[in-house]
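In: Predicted structure and sequence below. I'll ask about it afterward.
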Amino acid sequence: MNYFNLLLTRIKTEMEDLQAAGTLPLGLDFGPVGLDPPKDPRHGDVSTNAAMVLAKAAGKSPRDIASALVARLKAYPDTEAAEVAGPGFINLRLKAPFWYERLGEALLAGDAYGRSQFGASKGAINVEFVSANPTGPMHVGHARGAVFGDALATLLEFTGHDVKREYYINDAGAQVEVLARSAYLRYREALGDKIEIPSGLYPGEYLKDVGEGLVELYKSRFHNAPESEWLEPFREFAVAEMMGEIRDDLELLGVRHDVFTSERALVKQGKVDAALGDLKAKGLIYEGVLEPPKGKEPEDWEPRQQTLFRSTQFGDDIDRPVQKSDGSWTYFATDIAYHADKIRRGFGTLVDVWGADHGGYVKRMQAAVKAQSDGKVALDVKLCQLVKLMERGEPVKMSKRAGTFVTLKDVVDRVGRDVVRFIMLTRRNDAQLDFDYALVTEESRENPVFYVQYAHARCHSVLRNAAKEMPGVDLSAAALAKVELPRLTHPDELALIKVLASWPRSVESAAEAHEPHRVAFWLRDLAATFHALWNRGKEEEALRFLVDGDPSLTLARMALVRGCALGLAVGLRIMGVTPVEELR
């Protein structure tokens, strides 16, 4: 249970009673009333802004409203303290039985702890991520977007959303023709020719396999043929091979997509013409001349007539071209068609996960989605910043096979899938991430993967020891939910319960904000609180988990340990990381 919702409902009920009593006027909007943990835990367990946000509309001072509300909240049997703070905030502190009930709920929920139908009424969500150009293997930067998108989709599913994972194959642009020409050189090489790879083509050795595959398929048929004969079949073959390699790379990370959409297919099916036609019918496509770009003097700028989309009408800085001078569509035009297709498929929310270098593209795409859906569909673009790959503070050398970058496979082979996935979520997606091989494999508090996994392994170590000490005793989560939890009285024990109890709210907040890194942050908090209790127990015999001669207290502490293990495991699985019960 999200106990914040329980308490917020309680507060709103009391405000309605104050209205009925005439203390507050009718017609107040309770929507802005919120409930959050205070910045300083010494001030209480939760804090509400109710009096502050209602004061103006109620025609009363915030402190007067807060005082009236505090008098009512104090009457609840699980309220330990309710106080007015500052200009009118209300701080609440809850009694221990409230927290025992939350621990019991977590134990009874088991692996489903925190799972909810929070997003069930919010409509279908499309999460489009990775969408790397099919011109080579995935690099470590792609790994970040892949992990982010996959974890976000899992997070949304966990909170009741209807989610589709999608990959957009950019197979219609100039880059795939460059791929075909690069593959042709490798084809000739496989036939025995000595080749040189000119600037502008892809030099990676990964294309040797493609060249050999082309020889196996076509023999020497295209050896000396003109480009017009081999460009199309070589492009199709090379794209298919690269997409196969990309799927294999994604599989290394445990990432799968539900849908793969081809840009080339969209163009062939006339969906670009249809989407632009719809916008034209709305008066949003016109022939015009743009102003000179910023920094360009009029004499350096050649004005010309262009086919433009009125993106400024929907919040963009300038209107955007949708057609090139040769009559072909711009990338933006095909992206408009792609998003129109997603809207047509019934998605109410679109999430696009892009590299940070596409930041200047966000406003125009959001404008297009707003225009096409009449403002009914939201587009949330998540930009993933660069990953800096290091070895003890020094940049890692490029991959010989890829030629210009370190491949995702190189990194996963070196440190493992779970480490890669966890580290990619330890910072906000829009912050640069340093990935140091030495740090992510060392056994220390500075390594967040080890720190969280160590907490989970420690929990299971305690439970295994308890099973040896108490043979025949049921230590399952369901059984431990029924033990004498009020034996847990130490502040550190209650602190651990409170962090565990915050999970339902934390996971819903992460889903609502589309920020899976919040799960990693919560796991770090839970692990830190557990480690602190563990260390305290090593120093103070009275706080040890296994208490000689007191089975009731031991079982209560096993309930706490089991609850902590459950919370860690649930959070790790949302991140796509396998919880370990023993560290080797």
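Out: Cool, the structure landed. Numbers count the residues shown, from 1 in each chain.
In: Show me what the helix or strand where residue 463 lies is packed against.
Out: Assigned by DSSP states H and E, residue 463 falls within helix 448-469. Under the contact criterion of 3 or more Cβ pairs under 8 Å, 6 or more residues apart in numbering; DSSP states H and E, helix 448-469 touches helix 417-424, helix 517-539, helix 551-574. Placement of C-beta: from N, CA and C, glycine included.
In: Same list (these) but as TSV, adding mean neighbour count and distance to residue 177.
Out: Shown next, in TSV, are those (neighbours: other Cβ atoms under 10 Å; distance: least, Cβ to Cβ, whole Å):
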stretch	mean neighbour count	distance to residue 177
helix 417-424	24	32
helix 517-539	19	38
helix 551-574	23	41
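In: Could you say which one of the ones you listed comes nearest to residue 168?
Out: helix 417-424 (20.6 Å; Cβ to Cβ).
In: what's next to the closest one, contact-wise?
Out: Applying Cβ atoms under 8 Å, 6 or more residues apart in numbering, the contact partners of helix 417-424 are 143-144, 147-148, 151, 252-254, 387, 411-412, 433, 435, 440-441, 448-449, 452, 520, 572, 575-578.
In: now with 7 Å?
Out: 143-144, 147-148, 252-254, 411-412, 435, 440, 448-449, 520, 575-578 (Cβ atoms under 7 Å, 6 or more residues apart in numbering).
In: CA atoms only for that helix, dumped as PDB, please.
Out: Extracted C-alpha coordinates of helix 417-424, given in PDB (Å, rounded to 0.1, in the frame of the first residue of the first chain):
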ATOM      1  CA  ARG A 417      25.000  -7.900 -17.900                       C
ATOM      2  CA  ASP A 418      23.800  -7.100 -14.400                       C
ATOM      3  CA  VAL A 419      26.700  -4.700 -13.700                       C
ATOM      4  CA  VAL A 420      26.100  -2.900 -17.000                       C
ATOM      5  CA  ARG A 421      22.400  -2.600 -16.400                       C
ATOM      6  CA  PHE A 422      22.700  -1.400 -12.800                       C
ATOM      7  CA  ILE A 423      25.400   1.200 -13.600                       C
ATOM      8  CA  MET A 424      23.500   2.700 -16.500                       C
END
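In: okay, the helices and strands packed on helix 448-469 in JSON lines with mean pLDDT and distance to residue 1 next?
Out: Converted to JSON lines, those look like this (pLDDT from 0 to 100; distance: least, Cβ to Cβ, whole Å):
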{"stretch": "helix 417-424", "mean pLDDT": "97", "distance to residue 1": "28"}
{"stretch": "helix 517-539", "mean pLDDT": "96", "distance to residue 1": "16"}
{"stretch": "helix 551-574", "mean pLDDT": "98", "distance to residue 1": "14"}
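In: Shouldn't residue 352 be within a strand?
Out: Yes: under DSSP: H, G, I helix; E, B strand; the rest coil, residue 352 sits within a strand.
In: Could you measure from it over to residue 140?
Out: 21 Å (Cβ to Cβ, to the nearest Å).
In: do the same with residue 239
Out: Separation of residue 239 from residue 140 (Cβ to Cβ): 22 Å.
In: Least confident secondary structure element in this structure?
Out: strand 394-395 (a mean of 87; mean pLDDT, DSSP states H and E).
In: Summarise which helices and strands that one is packed against.
Out: Packed against strand 394-395, as judged by 3 or more Cβ pairs under 7 Å, 6 or more residues apart in numbering; DSSP states H and E, are no other helices or strands.
In: Check the offset of that strand from the chain's centre.
Out: With Cα atoms, centre = their mean, to the nearest Å as the basis, strand 394-395 stands 27 Å off its chain's centre.
In: List the pairing partners of that strand within its sheet, with orientation.
Out: Under the criterion DSSP bridges, strand 394-395 sits next to strand 387-391 (antiparallel) in its sheet.
In: Give me the angle between the strand it pairs with and helix 417-424.
Out: Calculated by axes from the mean of the first three to the mean of the last three Cα atoms, to 10 degrees, strand 387-391 forms an angle of 120 degrees with helix 417-424.
In: need the strands for the stretch 1-150 of the chain, in chain order.
Out: Secondary structure of the stretch 1-150 of the chain (DSSP state E, counting those that start in this stretch): strands at 35-36, 46-48, 79-85, 89-94, 124-128.
In: Pick the most buried one from those.
Out: Each of the strands of the stretch 1-150 of the chain was scored by mean neighbour count; the highest is strand 124-128, a mean of 23, by mean count of other Cβ atoms under 10 Å.
In: now that one: how far from the chain's centre is it?
Out: Mean-position distance between strand 124-128 and its chain equals 12 Å (Cα atoms, centre = their mean).
In: Pull up the pairing partners for it, direction included.
Out: Take DSSP bridges as the rule and strand 124-128 pairs in its sheet with strand 162-169 (parallel), strand 349-355 (parallel).
In: Quick one: mean pLDDT over it.
Out: For strand 124-128, the mean pLDDT works out to 98.
In: one step back: show me the contacts of helix 417-424 that map onto helices.
Out: Counting by DSSP state H, the contacts of helix 417-424 place 143-144, 147-148, 252, 411-412, 440, 448-449, 520 in helices.
In: hang on, the earlier thing: would you turn the strands paired with strand 124-128 into a markdown table with mean pLDDT, mean neighbour count and distance to residue 61?
Out: What follows is the strands paired with strand 124-128, written out as a markdown table (pLDDT from 0 to 100; neighbours: other Cβ atoms under 10 Å; distance: least, Cβ to Cβ, whole Å):
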| stretch | mean pLDDT | mean neighbour count | distance to residue 61 |
| --- | --- | --- | --- |
| strand 162-169 | 98 | 21 | 46 |
| strand 349-355 | 97 | 21 | 40 |
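In: ok, now which ones touch residue 287?
Out: Going by Cβ under 7 Å, 6+ apart, residue 287 touches 305, 307.
In: partners of it in the sheet?
Out: Beta-bridge partners for residue 287, by DSSP bridges, are residue 307.
In: Would you mind measuring from it to residue 340?
Out: 21 Å.
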